[in-house]
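*Asks:* Below are the sequence and a predicted model for it; my questions follow.
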There are 2 protein chains.
Amino acid sequence: MPTSAHNTSDSNAPGALLTPSEVATMFRVDPKTVTRWAKAGKISAIRTLGGHRRFHESEVRQLLTGVPEQRDPSA
Amino acid sequence: MPTSAHNTSDSNAPGALLTPSEVATMFRVDPKTVTRWAKAGKISAIRTLGGHRRFHESEVRQLLTGVPEQRDPSA
DNA sequence: TCCAACTGGGGTAATTGGGGGG
DNA sequence: CATGTCCCAATTACCCCAGTTG
């Protein structure tokens, strides 16, 4: 996961994917912790053909915004 | 990622976050006290998916700089 | 193909959260 | 009222090595 100037992390891309390290940096946690969240189902993740995880940037942002859980308002 | 995978000290990052113990050390108080400040709304904090708190480094720095809000002198 | 960096998995120490009492 | 310390349970961080990434 390159941190170069022209890396693939385009915040504008709607379907942008982030690596575990990227998400870890955003939450100020260890990459292994992000993996643990994925295993616990707390965050959705897709796998590469080799088994590595990739996370949706939009979802990560929402979690960071402060929306831990969603309640049905009509309930 | 260039050389550093996940650096623990990303003070240059705009959205840098600090752990409770980090803030506690900066203020020379107990981590529990920092938690109380967060509960009292005296300092904004975001939570990890596991419930742990992370504080904005910029906000902490401003508080340390000595720019406290006007205390209620109406007493 | 080779290579440097990142990732996954397991296991163990340290930190954190929450309540209660001083 | 605010802070520091006690308890325990949960979460997180760092260690190893082998495999994937680009």
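*Replies:* Looks like it came in fine.
*Asks:* From here on, just use CA atoms for contacts and neighbour counts.
*Replies:* OK.
*Asks:* Show me what the host helix or strand of A:Arg61 is packed up against.
*Replies:* A:Arg61 belongs to helix A:57-65 when elements are defined using DSSP states H and E. The contact analysis (3 or more Cα pairs under 8 Å, 6 or more residues apart in numbering or on different chains; DSSP states H and E) places helix A:57-65 against strand B:45-47.
*Asks:* Name every strand pairing with the strand it packs on and say which way it goes.
*Replies:* Taking DSSP bridges as the criterion, strand B:45-47 forms sheet pairs with strand B:53-56 (antiparallel).
*Asks:* who's in contact with the partner strand?
*Replies:* A:27-28, B:15-20, B:23, B:43-48 (Cα atoms under 8 Å, 6 or more residues apart in numbering or on different chains).
*Asks:* Could you do stretch A:32-47 as well?
*Replies:* So stretch A:32-47 is in contact with A:20, A:23-24, A:53-56, A:59-60, B:49, going by Cα under 8 Å, 6+ apart.
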